[in-house]
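K.L.:
What would the 3D arrangement of this be:
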Amino acid sequence: MTDTMFDAIPALRPDTPLLDSIQSPTDLRALQKSQLPQVATELREFLLYSVGQSGGHFGAGLGVVELTIALHYIFNTPEDRIVWDVGHQCYPHKILTGRREEMHTMRHMGGLAGFPKRAESEYDTFGVGHSSTSISAALGMALAARQQGIKRHSVAVIGDGAMTGGMAFEALAHAAHTNANMLVILNDNQMSISHNAGGLASYFAKIWASKFYTQIREGGKKVLSSAPTVRALARRTEEHIKGMVAPGTLFEELGFHYIGPIDGHNIEDLLFTIGNMQALEGPQLLHIQTCKGKGFKPAEADPIGYHALNKIAPKNSSAPKLPKFQDIFGQWLCDAAEQDPLLVGITPAMKEGSGMVAFADRFPERFFDVAIAEQHAVTLGAGMACDGSKPVVAIYSTFLQRGYDQMVHDVAIQNLDVTFAIDRAGLVGEDGPTHAGNFDLSYMRCIPNMIIAAPSDERETRLLLQTAYEFQGPSAVRYPRGTGAGIHPLTTLDTVEIGRAVHTRQGNAKVAILAFGTLLHNCHAAAEQHDADLFDMRWVKPLDTDLIDRLASEGYTLISVEENAIMGGAGSAVSEYLRQRNYTNPLLQIGIPDRFLEHGKPAELLAICQLDSEGIAAQISEFLAG
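P.N.:
The predicted structure follows:
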C-alpha cells in the first residue's frame, strides 16, 4: 500500500455522536429520517478507517452504505431476513448490527469473519462466500415463513456481478412460480449487468413504486379478471411502456414486479421506494444504481483495484517482492500462447486474481471472461476442445467445486483436452472456510482420464503447467495463494515426465517422506531430524508407483504430507496402492483434518493443523515412537 493511499484514509472524527449511539438497528430506527445522511457520512468514514487498519473487502461496502441504512431502518431486523450476496457488501451491515468495536479484528484469527456468518450474529441470516446464492436462500426463508404462518419479510441483496451466475436466474424463475413474498434488490454498481438508464427512468421508477400506481395496478387486475383478453393487452401495454425507459422487461417476464433503476445513494428515494415495496405482495425486484467505492475517490476511479485492501503498512516499510503463484501462471500463459496459437484462456470473473491481466491485454481475442459462471466456464472449455482449441481454465479451487459436474460429465467422460490451472489451493487464510481449497485433490483424484499435479515451488509450477498443457486429455495443476519459497522460475517451456517424483534428500533411517505440493519445504526440518529420505512427488495422479514399490519392498516407513483434506487426498492414494499390492508398511498420512477451519493467517492455520515445520516433525516423532 502506498504512502498516498495511507494519507487518503481519513482519521475518524473525535466526535461521532450518531454512530456512537447505534449499537443495533433498533437504535438506528429511533433516529429521525433527517439524521440518516449524517449516519451515512459517519458510517462511510468509519468503514474507510477500520478496513485501513484490518484489511478486507472495501469497495463494495462503500457502495451500499445508504442501502444498508435504509434496509435496517425500514425492516424489523433480525426478525425480517436480509441476505447479502457474496458478502463483500456486508461490512456496513456488521457495523450497524453491534460489531463496530470489533471491526479491527476483521479476518484475523478469533475475530470477525470477512463474510456473513450465522454463528457470529443473529443479523447474519445466511453464511456466504460464493456468489449468486442470495435469491435462493431468501426464497427458502420466505417459503419457510409461509409454511409456518409467520409474517416476516425476506430480502435478497444481490450485486457485485453476482447476477451473472446461473443459480440466480434459477431462483428468480422459481420465486415467480411460488409467488412468494420476497424482495430482491439488484445492486447495480456498473460492475454488474446494466448501465444507468437516466433521469426519465428514475422518474418512472418513483411512479411505479408509489401507492397510487400500485393501487391502480392491482385494482385493474381485479376489474379485468373477467376479461382475459383485455387484461393481457393491458399487461403488454404496461410492459412495453416500462421497457422503453427501464431494463426491467426481463424481470417482469419472469414474474417479478420490477421497480427501478433508482439512485442507491439517495437515502430519501431508498426510504420512499423500499417503504412502499415493503407492503406489496408477491415477488418484487428493486434495481438500484450505486458507485462501487463511493466516497473514496481512488476506489471510485479503480473499483477493481480497490475491491479489497491489505492492511495498510506503516510508511517507509519495505517487504521483499517475490512473485505470486498467480504471476507465475500468468507469465507461463503468455509464453505458452506465444508458441501455440490454439491456446485460449478462460476465467469465471477472476482475471486479476488469477494473474491473467497481461494475457487479456496481449491476446484479447483468445481471452474469455465468462463472469461468475463457473459451470459455464468448464463446459465452454469442453466445447472449444471439441473443435481444436487448447483451453486453459483458470479457476480458484473452491470455485471449481461449483463446476464439478461439468468437469466429470463434459470434460472427463469425453476425455477432452482441457487444462485446469487451480489457484488458491490449500489454506487460503483470512477469507476463511468458504474460500479454502482443501478438497480439490480429493474430488479430482476419483475422476478417470485426469492427471493431477501438485508443484512444490514456483519453478515446479511452470514445469508442471507446461507438462499438463501438452498432455492430450484432462489435466489439472493446483497451487496455493500468495508467494512461494522464492525459487527462481524458468523462462523456457520445458516439461517433466508424468508420474515421476524427485528425490530431494537421501536418508539412512528407512523413513521416506512423500511431499505433495508446497509443504515440501516444511518437510525439510523433519527429514533432517529423522534422517529420512524426502521426495517431491510432483504428481498425485498418476502416482510414482515404481518409487512406492521400491520403498515398500525395502521396508520403508512412509509419511505422506499434503495441504489437502486427509480423507480422499494424496495420502489416501498411497494407502490404496499399498493395500492393492498387499504391502504392510506403516503409513502416516499428514494433511488437513476433517473439519472446517476458521479464518486466520495461513501460517496460523498451518500451525493449527500441525502442517508447519515443527508440527510435521512432531507428528512423525509421535508416529515413529508409537
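
K.L.:
how near is the residue nearest the centre of the chain to residue 400?
P.N.:
In the chain, the residue lying closest to the centroid (Cα atoms, centre = their mean) is residue 130, at 4.6 Å. Computed as Cβ to Cβ, to the nearest Å, the residue 130 to residue 400 distance reads 11 Å. For glycine as for every other residue, the C-beta is placed from the backbone atoms N, C-alpha and C.

K.L.:
ok, now residue 23?
P.N.:
In this view, residue 23 and residue 400 are 41 Å apart by Cβ to Cβ.

K.L.:
Then residue 286?
P.N.:
As judged by Cβ to Cβ, residue 286 and residue 400 stand 33 Å apart.

K.L.:
what are the ranges of the helices in the stretch 151-300 of the chain?
P.N.:
166-178, 199-209, 211-224, 228-245, 249-254, 267-277, 297-301 (DSSP state H, counting those that start in this stretch).

K.L.:
hang on, the earlier thing: what about the residue nearest to the centre of the chain, helix or strand, and which?
P.N.:
Using DSSP states H and E, residue 130 sits in no helix or strand.

K.L.:
I'd like the numbering to begin with 47 instead of 1 from here.
P.N.:
Yes, from this point I'll number from 47; that puts the last item at residue 176.

K.L.:
Which pLDDT value does the model give it?
P.N.:
On pLDDT, residue 176 comes in at 79.

K.L.:
Residue 634 contacts residue 669, correct?
P.N.:
Yes: assessed by Cβ atoms under 8 Å, residue 634 is found in contact with residue 669 at 4.4 Å.

K.L.:
Now do the phi/psi pair for the closest residue to residue 151 other than its chain neighbours.
P.N.:
Closest residue to residue 151 apart from its sequence neighbours, by Cβ to Cβ, 6 or more residues apart in numbering: residue 157 at 2.6 Å. Dihedral pair for residue 157: phi -100, psi -160, per degrees, to the nearest 10.

K.L.:
Count the neighbours of residue 157 for me.
P.N.:
Residues lying near residue 157 (other Cβ atoms under 10 Å) number 18.

K.L.:
Only C-alpha atoms, please: export the top strand by length along the chain in PDB.
P.N.:
For the chain, the strand with the greatest residue count under DSSP state E is strand 603-611. The C-alpha trace of strand 603-611 is given here as PDB (Å, rounded to 0.1, in the frame of the first residue of the first chain):
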ATOM      1  CA  THR A 603       8.100 -46.400   6.800                       C
ATOM      2  CA  LEU A 604       6.100 -44.000   4.600                       C
ATOM      3  CA  ILE A 605       4.900 -40.500   5.500                       C
ATOM      4  CA  SER A 606       2.600 -38.600   3.100                       C
ATOM      5  CA  VAL A 607       2.300 -34.800   3.500                       C
ATOM      6  CA  GLU A 608      -0.200 -32.600   1.700                       C
ATOM      7  CA  GLU A 609      -2.200 -29.400   2.100                       C
ATOM      8  CA  ASN A 610      -5.500 -31.000   1.300                       C
ATOM      9  CA  ALA A 611      -8.000 -32.900   3.300                       C
END
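
K.L.:
The next helix or strand after that strand to strand 603-611, inter-axis angle?
P.N.:
Using DSSP H and E, the helix or strand that follows strand 603-611 towards the C-terminus is helix 616-626. On the basis of axes from the mean of the first three to the mean of the last three Cα atoms, to 10 degrees, helix 616-626 is oriented at 140 degrees to strand 603-611.

K.L.:
Following the chain onward from helix 616-626, which element is next?
P.N.:
For helix 616-626, the following helix or strand on the C-terminal side (DSSP H and E) is strand 633-638.

K.L.:
Could you report the neighbour count for residue 532?
P.N.:
Other residues near residue 532 come to 10 when the count uses other Cβ under 10 Å.

K.L.:
which residue sits closest to it in space, ignoring its chain neighbours?
P.N.:
Residue 532's closest residue in space is residue 368 (Cβ to Cβ, 6+ apart), at 5.3 Å.

K.L.:
Can you verify my assumption that that neighbour contacts residue 534?
P.N.:
No: contact criterion Cβ under 8 Å: residue 368 and residue 534 do not qualify, at 10.2 Å.

K.L.:
more crowded one of those two?
P.N.:
More crowded of residue 368 and residue 534, by other Cβ under 10 Å: residue 368, with 13 against 9.
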